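Enquirer: Next one to model:
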Amino acid sequence: MAEVLRISGWSRKVSAQGVVYYTKRGSNESRWIHPGLSQLIYSLSKFDNIRYAAYRLSSKLLEVQVVLGSSTVSLPLTQSVLAHHGLSSPSLVLDSQELREFLNDLYNRATRARGIFSNHANHEVSTEAMASFVEQILDPAHQGGVTVLGLKTVLAVMTSARLRDRLAYLFREHSDHQARISET
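Expert: Numbering: from 1, shown residues only. Presented below is the predicted three-dimensional model:
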């Protein structure tokens, strides 16, 4: 996990609608996106000189995975933690707190799976940044929730797995009982 995610000088707040935002101590500045995540996204411009879009995008995605620590989380572990939390209904909406509890458990289990039984401070930082990342993608209007299907989709892309396994998982999650994907 990169130091860029540490947000000294900023406080995490929750709006009346239950949406997380960040305020800078000693000023009136506030923002929806995690300040460290903002810096990370800004730093991705270093890949803009890569000629081919596919390589450029994959380089940026790999950087985000490494910094957020999601490259150390396997897709099978993610599936297991989703099941443990009872997150199977695709239309179920998670609020900010539920999302953070799930992600914290996911990072804790991933760390334990690697044989490391401490590092809780990094879990909190990674959890908060990943939650902000998920919320920016799935709840850009800041309504206060993300669907389980959306979360599964983001995690399939962000966690560690072979491409074939990712695609098979995404198809299973998005297809109906007749193995068809609807147009809606």
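Enquirer: quick one, helices of the chain?
Expert: Using DSSP state H, the helices of the chain run over 35-43, 53-68, 75-84, 96-113, 120-138, 148-158, 163-174.
Enquirer: Switch the ones you listed over to CSV; also include mean pLDDT.
Expert: Output for those, formatted as CSV (pLDDT from 0 to 100):
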stretch, mean pLDDT
helix 35-43, 91
helix 53-68, 94
helix 75-84, 97
helix 96-113, 93
helix 120-138, 87
helix 148-158, 96
helix 163-174, 94
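Enquirer: Which of these sits closest to residue 5?
Expert: Closest approach to residue 5 among the helices of the chain is made by helix 35-43 (3.8 Å; Cβ to Cβ). Heads up, the C-betas are built off the backbone N, CA and C, glycines and all.
Enquirer: That closest one vs helix 120-138, what angle?
Expert: If you take axes from the mean of the first three to the mean of the last three Cα atoms, to 10 degrees, helix 35-43 sits at 60 degrees to helix 120-138.
Enquirer: Can you give the contact residues for helix 35-43?
Expert: 2, 4-7, 10, 22, 24, 31, 33, 63-64, 67-68, 125, 129, 132-133, 136 (Cβ atoms under 8 Å, 6 or more residues apart in numbering).
Enquirer: what do you get for stretch 160-169?
Expert: Here stretch 160-169 has contacts from 65, 70-76, 79, 152, 156-157, using Cβ under 8 Å, 6+ apart.
Enquirer: The spatially most central residue of the chain: what's it in contact with?
Expert: When Cα atoms, centre = their mean is applied to the chain, the residue found nearest the centroid is residue 130 (3.6 Å). Residue 130 makes contact with 68-70, 103, 107, 158 under the criterion Cβ under 8 Å, 6+ apart.
Enquirer: Same check on residue 171?
Expert: Contacts of residue 171 (Cβ under 8 Å, 6+ apart): 179, 181.
Enquirer: what do you get for residue 153?
Expert: 170, 173-174.
Enquirer: Specify which member of these is nearest to residue 52.
Expert: Distances from residue 52 to these, taken by Cβ to Cβ, are shortest for residue 170, at 23.7 Å.
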